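In: model this:
(chains A and B)
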Amino acid sequence: MTNEHLIGKERRKERLDRGIKVRTEGIYAVSSWQEVAYLVLPRLILIVGLLLLPLLIPSLYWKRVVSIAAIYALLALGFDFLAHFVGLVSLGGAFFIGVGGYTAALLNKSLGLPPALTIPMATLGGAIICTLLLLPALPLRGVYFAIVTLMYPLALMRIIEALNIFGGTDGILGVASFPNRWIEQYLIILIVIFALFGLRRLVNEDIGLVFRGVKDNDQSVRASGLSITLYKAIAVFITAGLGSLGGAYLAHIYMWSGISQFALDFSVIPIAATVIGGGGTLVGPLLGCFFLVPISEWLRTFGTLRIVFYSVILMAFIMFRSEGVMVYAQRKYHQFQRWVKV
Amino acid sequence: MSEGDILKVTNVSKAFGGVQALLNVSFNVQQGEVFGIIGPNGSGKTTLINCITGFIKMNSGKVLYKGKDISYKAPNQIANLGLTRTFQIMRPYYSLPAYKNLVIPLFSPRARKAGGWRGGGKLGDRETVSIDILEEIGFERDSFVPYKLASSLPTGYLKRLELARCLALRPDIILCDEVFSGLSMSEIASMVPLIEKLQMDGITLVMIEHRLRELFRVASRVMVMNFGEKLTEGIPEDVMNDERVKEAYLGSEKLLDYTFEG
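Out: Numbering: from 1, shown residues only, chains lettered A, B, ... in the order given. As a prediction, this is how the structure comes out:
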């Protein structure tokens, strides 16, 4: 029964899960190849697509853009995780990138450590530094937390400038590069894939439920005998770790670390990517970055006008697809619609 | 402090700006009893619970729980000692299914100590344990109800979910803030045996209630509050025959006479 003859107020849309979705949720998912494909194919397309990307792109310039997009993707994953699963809106992308970048550059220049050591150390060290600095802001919620996270990169930038430490406005030059162009290209893509699937698993684990509880009803979490500050700190640690990893990577790609790593682009583009990709899906913001960062590069030919084009794209998404591409796509994939009589 | 007292509250005061919400409230709760707290709206009952459980910092006073001073501790520390509470306005995790709501309290240090790091120890993982708790509290295991989103559950189930969250912490004492309010007569009728069962399991209950008939069925002692102060305390019959209590609930006859004359 299609009910196509019904019009106007007589009908409404009803959404139902597809039978294959209901079946594949349980343990019986592997009973037929269609069901296996239904589960595996979207993931496989994403992973294979990301891995093929550098091979399909011929020019060195655009290969570099893919790496930069992957670094933004780490920030966007962190933003989405923090905003939609913990309830903290963070504008700290620039903060995490800057701290990670400077930590890696300093470790490399002063101690002579290779990237294989500086990147993990900067990831961990940056996460610890950022979490400690944000600790006083953790009881804050919503826009207040966002303001504090926005303040740190601006303040650190001016401090480095004013005190002329860490190379001042010139930054730290001559940071070691990766031993091999393919390592540089593929390591970050693998990291992004692991971060995506790791976070997706994490939010459905028991500790992930605690995070979601903090977002949903923090008083209830306290009544359940759990400290909300502790769990917010753990979540900020994870996010700051992803961001610092990106920052360290960036420093080694450009062989340089400077105050422009505290630029607000690193805070704003992940949010725009989350709007476009669909908040709360984790994969959406990642794809959003791989869409937005190249566009932003491509628009460079228009000079300062690129901000206008950029804003138009964003506005169009907010007005016509505010839920985001992936939320829409997942709904179409998992559910079908039909008209029913009111 | 006498031998059987599990909770001893001494001279708790709390002012919100100029409003004295609580003034020198003291009472003792004995191990295993059901202790009722009643009083007109705005008499400070919920504030009292908030102060005891640490959700509001009291201005002065002392709370002893099992002989240990817990005044001015954080709510999560207090909950971990086994002193749990329900909220009058239910606070479930609306975006999670009912059974996943209980995974969060089962993740607390207290529950983990009792049940191993996977949750239930020999009983299974946390989700299995939470389904068991939900069944105990009146969610039919084989129905869809425990698997529904909390946002789609009716009030009666949400009230039970509040109690279930406390039970997941393996509490020694539950402070119930109006578990009967907003429920239909039949829902209340099915809730009363649940309360009696909790008591038989050895859990001490402190109940704030407006449904006096049901409260008096289960409570052994009742405290009456009015305007942030304790009016009286005793067994239900004595308390309801007290002139001051009638005055607080129904208004004073003398006062009425006076107004009419004036």
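
In: ok, which residues in the stretch 1-150 of chain B are in contact with chain A?
Out: B:53, B:55, B:74-76, B:79-80, B:84-85, B:87, B:91-96, B:100, B:103-111, B:119, B:126 (CB under 8 Å from any CB of the partner chain). Heads up, the C-betas are built off the backbone N, CA and C, glycines and all.

In: May I see the ChimeraX selection of the buried members of those residues?
Out: Selection of buried members from those for ChimeraX, criterion 16 or more other CB atoms under 10 Å in any protein chain shown:
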select /B:53,55,75,76,79,80,84,85,87,91,92,93,95,96,100,103,104,105,106,107,108,110,111,119,126
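
In: remind me, longest helix of the chain?
Out: Defaulting to chain A. Assignment by DSSP state H gives helix A:228-254 as the longest helix of chain A.

In: not what I meant, chain B
Out: Ranked by number of residues, the top helix in chain B under DSSP H is helix B:185-200.

In: what comes up buried for that one?
Out: Per 16+ other CB under 10 Å, helix B:185-200 contains these buried residues: B:187-188, B:191-192, B:195, B:198-199.

In: in the chain, which spans are strands?
Out: If you meant another chain, say so; for now it's chain A. According to DSSP state E, chain A carries its strands in the segments A:11-17, A:172-173, A:256-257, A:335-341.

In: that's the wrong chain, I wanted chain B
Out: Under DSSP E, chain B gives strands at B:5-16, B:19-30, B:34-38, B:60-65, B:68-69, B:83-85, B:173-177, B:204-208, B:221-226, B:229-234.

In: pLDDT below threshold where in chain A?
Out: For chain A, residues meeting the criterion pLDDT under 70 lie at A:1-4, A:26-30.

In: for chain B, what are the nearby residues on it?
Out: Residues of chain A lying close to chain B (CB under 8 Å from any CB) are A:206-207, A:209-210, A:212-213, A:215-217, A:219-228.

In: Among those, which are located in helices?
Out: Per DSSP H, the subset of the residues of chain A next to chain B in helices is A:206-207, A:209-210, A:212-213, A:215-216, A:219-223, A:228.

In: From those, list the buried ones, please.
Out: Buried positions within those, assessed by neighbour count (16+ other CB under 10 Å), are A:206, A:209-210, A:212-213, A:215-216, A:220-223, A:228.

In: Please render the residues you listed as CSV that adds distance to residue A:126 to the earlier fields.
Out: Output for those, formatted as CSV (distance: CB to CB, whole Å):
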residue, distance to residue A:126
A:206, 27
A:209, 27
A:210, 24
A:212, 26
A:213, 27
A:215, 24
A:216, 29
A:220, 32
A:221, 27
A:222, 29
A:223, 34
A:228, 24
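
In: Out of those residues, which is nearest to residue B:224?
Out: residue A:223 (26.1 Å; CB to CB).

In: how many neighbours does the residue lying closest to residue A:173 once chain neighbours are set aside have?
Out: Ranked by CB to CB, 6 or more residues apart in numbering or on different chains and with sequence neighbours excluded, the top spatial neighbour of residue A:173 is residue A:256, at 5.7 Å. Residue A:256 has 19 neighbours, counted by other CB atoms under 10 Å in any protein chain shown.

In: Just give me the neighbour total for residue 47.
Out: You didn't pick a chain, so chain A it is. So residue A:47, with other CB under 10 Å, has 15 neighbours.

In: I was thinking of chain B, sorry if that wasn't clear
Out: 21.

In: do you know how far it is from chain A?
Out: Using CB to the nearest CB, to the nearest Å, residue B:47 is found at 15 Å from chain A.

In: just residue B:13 next, same as before
Out: With distances taken as CB to the nearest CB, residue B:13 is found 23 Å from chain A.

In: what's that residue in contact with, if anything?
Out: Residues in contact with residue B:13 (CB atoms under 8 Å, 6 or more residues apart in numbering or on different chains) are B:20, B:22-25, B:58-61.

In: Residues in a beta bridge with it, which ones?
Out: Counting by DSSP bridges, residue B:13 is bridged to residue B:60.

In: next one: residue B:19
Out: residue B:16.

In: so of the strands of chain B, which one's packed in deepest?
Out: Burial of the strands of chain B is given as mean neighbour count (mean count of other CB atoms under 10 Å in any protein chain shown); strand B:83-85 ranks first at a mean of 28.

In: just how off-centre is that one within its chain?
Out: On the basis of CA atoms, centre = their mean, to the nearest Å, strand B:83-85 is displaced by 7 Å from the centre of the chain it belongs to.
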